[in-house]
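Participant: when you get a sec, could you give me coordinates for this:
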Amino acid sequence: MIGRAARRLPRPARDALRRARGSYRSARYRISARLRPVHLGAADVDQALREAGVEPGDDVFMQAAMSAFGTFEQGPTTVVEAVQRAIGSEGLVAMP
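Facilitator: Just a heads-up that it's a prediction; the model follows:
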């Protein structure tokens, strides 16, 4: 119902509503991250990779916004080391 009503609005009004919605979502995310921070360690990353089916010798392509997952103990190093441990010396990691 709201979508139909929004389609009837002039384009500048729709664009303003979209920007406002984006600002609201962004602010909600930032507030949530401050109130309930998520701290992840190498063991958490390793467990998530195993649950995703990553095994020693696999070829892995990874692309993700790390901030979407929480705060990592040692930053990107935590993720890279966990991936290297998960795939072993026979695997291949590609990260843009």
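Participant: got a list of what the nearest residue to residue 95 once chain neighbours are set aside touches?
Facilitator: Here the nearest residue to residue 95 in space, its sequence neighbours aside, is residue 62; by Cβ to Cβ, 6 or more residues apart in numbering that works out to 5.0 Å. All C-beta spots, glycine's among them, are computed from the backbone N, C-alpha and C. Residues near residue 62 by Cβ atoms under 8 Å, 6 or more residues apart in numbering: 83, 93-95.
Participant: let's see it at 7 Å
Facilitator: Going by Cβ atoms under 7 Å, 6 or more residues apart in numbering, residue 62 touches 83, 93, 95.
Participant: phi, psi for it please.
Facilitator: phi -120, psi 130 (degrees, to the nearest 10).
Participant: ok, residues contacting the lengthiest helix in the chain?
Facilitator: If you go by DSSP state H, the chain has its longest helix at helix 11-35. For helix 11-35, the surrounding residues in contact (Cβ under 7 Å, 6+ apart) are residue 6.
Participant: next one: the helix or strand that that helix is followed by to chain centre, how far?
Facilitator: Per DSSP states H and E, helix 11-35 leads on to strand 39-40 as the next helix or strand towards the C-terminus. On the basis of Cα atoms, centre = their mean, to the nearest Å, strand 39-40 sits 13 Å off its chain's mean C-alpha point.
Participant: coming back round to it: now the buried members of the contacts of residue 62.
Facilitator: residue 83 (16 or more other Cβ atoms under 10 Å).
Participant: which of the contacts of residue 62 scores worst on pLDDT?
Facilitator: Minimum pLDDT for the contacts of residue 62 is recorded at residue 95 (86).
Participant: give me the distance between that one and residue 15.
Facilitator: 35 Å (Cβ to Cβ, to the nearest Å).
Participant: now swap in residue 57 and tell me
Facilitator: For residue 57, the distance to residue 15 - Cβ to Cβ - is 49 Å.
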